[in-house]
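Peer 1: sequence first, predicted coordinates after that:
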Amino acid sequence: MIKALRDVAEHGEIVSSTESVHGQKYVVDGWLSVHTQEKRQWSIRTVWIIDLGEEAPRLVTAYPGKE
């Protein structure tokens, strides 16, 4: 599941970006791929932040996106 969420961050569409006192926040839409017996995909919206003084993004939240 972690790899699938990272894939959304890397390949998804940035729909908004804002700067705050905590760092740079990104809202990213994409497709969450889950490999079971049948490959399935779900639309998902994720929110990431790159905290001040950090280089790597941190996942804040994720929830179902628009289909």
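Peer 2: Nice, thanks for sending it over.
Peer 1: the residue nearest to the spatial centre of the chain sits in which helix or strand?
Peer 2: Nearest to the mean C-alpha position of the chain, by CA atoms, centre = their mean, lies Thr46 at 3.5 Å. Element membership for Thr46 (DSSP states H and E) is strand 39-51.
Peer 1: name the residues that touch that strand?
Peer 2: By CB atoms under 8 Å, 6 or more residues apart in numbering, the residues outside strand 39-51 that reach it are 5, 8-9, 12, 15, 22-34, 56-67. Using the backbone N, CA and C atoms, a C-beta is placed for each residue, glycine as well.
Peer 1: picking that back up, the residue nearest to the centre of the chain pairs with what?
Peer 2: Val28, Ala62 (DSSP bridges).
Peer 1: that one and Gln37, how far apart?
Peer 2: For Thr46, the distance to Gln37 (CB to CB, to the nearest Å) stands at 26 Å.
Peer 1: go on, Val27?
Peer 2: Val27 is 32 Å from Gln37, by CB to CB.
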